[in-house]
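Q: Build me a structure from this.
(one chain, ligands or ions: 1)
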Amino acid sequence: MKLASFAAAAVLAAGAAVQAAPVLAPPAPLGPNVQPFVHVPGGQIAIQHLRIIDGTGAAPIDDATLLIDGAKIGAILPAGSAVPAGYRVLDGTGETALPGLVGMHNHMYYVARPNLDASGHSDGPVLLPQMTFSAPRLYLANGVTTMRTTGSVEPYTDLNVKAEIDAGHLVGPHMDVTAPYLEGPGSRFIQMHRLSSPEEARRTVAFWADEGATSFKAYQNITRAELKAAIDEAHRRGLKITGHLCSVTYPEAAALGIDDLEHGFFVNTQLDPGKQPDECSAGTGTPTLLKMTPGSPEATALIKLLVDHHVAVTSTLPVFAQDMPLHEPLQPRQMDVLSPEANEAYLFSRNRMATRAQTAAGAEDRQAYLNDVGLERQFVAAGGLLMAGPDPTGDGGVIPGFGDQRELELLVEAGFTPLEAIHIATANGATFEKRIDRIGTIAAGKQADLVVVKGDPGQKISDVENVELVFKDGIAYDPAKLINSVRGMVGIR
Ligand SMILES: [Zn+2]
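A: You can find the predicted model right below:
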């Protein structure tokens, strides 16, 4: 992204056909922790010769001029339009703008396995270290302008981070903070509370809603009665609830009124052998997924049920791609942000998966993944709302922000077109979040939350990695500076 001179803009503006909209101030003045990452301060900005992928799924607009008026998108002008007076002009030749990503499974923590060795053994308990410092920076740097935390281990930290970002004191995306996991006895994670009754589930939802949480997530060992109580309390307050389920099957959760299901079709246990009501099965959904081939009567019935009940599905392919043999390795720029321990965990895991690929279990992993992406496509074809998130929990192999880009690439690998994948990762999340009138697509009057990348991700989706600028509320942030500021920190802080 090159900056043309301000004077040149004024000359260009002579005879401009478009009236400048009133300039809206950015929501809050930016403090000293944020200012160093600002590349272009807010104001009136015109990006010329820009390709625009607006996030609706429509064909790209070539050689457009994008006007940004303070925190809002002012207009999209066709090729050859003059720039109105007073705009700072940027040259977008060879670049594409897309809506800021709406990351729908974007944790603020890492999963640490103490004393992990090459065999995969580690000492319990598994820990979830918070990444308050690095995660918001990495999300924003990689184009995520709105995110849902989708399960919190340090809820007050997450709530404070959101407030500090909104106040201009910290750098990061807009946040939908999810309350602590709604989980029962038998959890793998020592940091999660264990619910013991539906009334406690209701009280927990009420408490965290009062504290400021704006979304909820049920987990693997919740009972149907607890889930029902949590859903009802969340809905009574106009809030949504998702689930990474196991003890409750997808059809059960849909019937209870859940709004969203995490991890595509990987964790539905309805056909798992030995599944007992209200109890997580040993297979945690893999046997069901292996049986539920796309287009099968079981798949079609489930998808119809989800669509009829308006249950969204969040695709989190990067974390499952970790189980695919010979999946794409992390790039050096990604490994640079890992702590030494996370780096080692990633390499150990990669080696184990390469070995597992030779076994029957490895073949099952591959088939499960292929079934899932087929079901995700069938769900969208049937009118389902599919959303995107990385789930950055995979032994260092899935990293905040970089993982969001990887999700787009994996959606395309799964058979979606690049424009469909971008729509899923932007507008669909915004629709679910009930913010589509303000974010999720590039349109006049919306928040100026967008990503400018070198290249054309409409043709080659991996161009989403070439982030030049990330605009949030009309202010352009410098991705390289953000990424450099967290080198070696993923897994620690
Ligand atoms: Zn997760």
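Q: Pull the residues that contact the helix ranked longest in the chain.
A: Longest helix of the chain, by residue count under DSSP state H: helix 360-381. Contact with helix 360-381 is made by 264-266, 286, 289-290, 292-295, 299-300, 303, 306-307, 313, 315, 317, 320-321, 323-325, 353, 356-357, 386, 410-411, 413-416, 420, 424, as judged by C-beta atoms under 8 Å, 6 or more residues apart in numbering. Any C-beta I mention is one placed from the backbone N, CA and C, and that applies to glycine too.
Q: ok, now stretch 49-63?
A: 64-66, 76, 78-80, 91-93, 95-99, 419-420, 422-423, 426-427, 440-443, 452, 456-458.
Q: quick one: the lengthiest strand in the chain to chain centroid distance?
A: Counting by DSSP state E, the longest strand found in the chain is strand 88-99. From the chain centre to the centre of strand 88-99 is a distance of 23 Å (C-alpha atoms, centre = their mean, to the nearest Å).
Q: element containing K304, please.
A: Element membership for K304 (DSSP states H and E) is helix 297-308.
Q: That helix vs helix 360-381, what angle?
A: 40 degrees (axes from the mean of the first three to the mean of the last three C-alpha atoms, to 10 degrees).
Q: Name the residues of helix 297-308 that are buried.
A: 299, 302-303, 306-307 (16 or more other C-beta atoms under 10 Å).
Q: which residues are in contact with it?
A: 250-251, 254-255, 261, 268, 270-271, 291-293, 311, 313, 375, 378-379, 382-384.
Q: Phi first, then psi, for the residue nearest to H169 when sequence neighbours are not counted.
A: Leaving out its chain neighbours, the residue that sits closest to H169 by C-beta to C-beta, 6 or more residues apart in numbering is G31, at 4.8 Å. Here is the backbone geometry of G31 (degrees, to the nearest 10): phi -90, psi -180.
Q: By average pLDDT, which secondary structure element in this structure comes out worst?
A: Sorting the helices and strands of the chain by mean pLDDT, DSSP states H and E puts helix 6-12 at the bottom, at a mean of 36.
Q: OK, contacts around the residue lying closest to V38 once chain neighbours are set aside?
A: Of all residues not flanking V38 in the chain, I475 sits nearest, at 5.9 Å (C-beta to C-beta, 6+ apart). I475 makes contact with 26, 30, 38, 40-42 under the criterion C-beta under 8 Å, 6+ apart.
Q: Please apply the same query to K460.
A: K460 neighbours (C-beta under 8 Å, 6+ apart): P418.
Q: Also E468?
A: Shown in contact with E468 (C-beta under 8 Å, 6+ apart): 1, 95, 452-454, 479.
Q: Then I436?
A: I436 sits next to 427, 430 when contact means C-beta under 8 Å, 6+ apart.
Q: Repeat that for G257.
A: By C-beta under 8 Å, 6+ apart, the residues touching G257 are 228, 231-232, 235, 309.
Q: hmm, back to that, check the contacts of helix 360-381 for burial and list the buried ones.
A: Buried by 16+ other C-beta under 10 Å: 264-266, 286, 289, 292, 294, 299, 303, 306-307, 313, 315, 317, 320-321, 323-324, 353, 356-357, 386, 410-411, 414, 416, 420, 424, out of those.
Q: From those, which land in helices?
A: 286, 289, 299, 303, 306-307, 317, 320-321, 353, 356, 410-411, 420.
Q: Tabulate these (JSON lines), appending distance to A85 and pLDDT.
A: Listed next are these as JSON lines, based on distance: C-beta to C-beta, whole Å; pLDDT from 0 to 100:
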{"residue": "T286", "distance to A85": "61", "pLDDT": "97"}
{"residue": "L289", "distance to A85": "58", "pLDDT": "98"}
{"residue": "A299", "distance to A85": "58", "pLDDT": "98"}
{"residue": "I303", "distance to A85": "53", "pLDDT": "98"}
{"residue": "L306", "distance to A85": "52", "pLDDT": "98"}
{"residue": "V307", "distance to A85": "50", "pLDDT": "98"}
{"residue": "L317", "distance to A85": "46", "pLDDT": "98"}
{"residue": "F320", "distance to A85": "52", "pLDDT": "95"}
{"residue": "A321", "distance to A85": "49", "pLDDT": "94"}
{"residue": "M353", "distance to A85": "58", "pLDDT": "91"}
{"residue": "R356", "distance to A85": "63", "pLDDT": "89"}
{"residue": "L410", "distance to A85": "45", "pLDDT": "98"}
{"residue": "L411", "distance to A85": "42", "pLDDT": "98"}
{"residue": "E420", "distance to A85": "39", "pLDDT": "98"}
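Q: which of the residues you listed lies closest to L330?
A: For those, the minimum distance to L330 (C-beta to C-beta) is 11.6 Å, reached by A321.
Q: give me the number of residues near the residue nearest to that closest one when sequence neighbours are not counted?
A: Nearest-residue entry for A321: H327, 4.8 Å, with adjacent residues in sequence omitted and distances by C-beta to C-beta, 6+ apart. If you count neighbours by other C-beta atoms under 10 Å, H327 ends up with 19.
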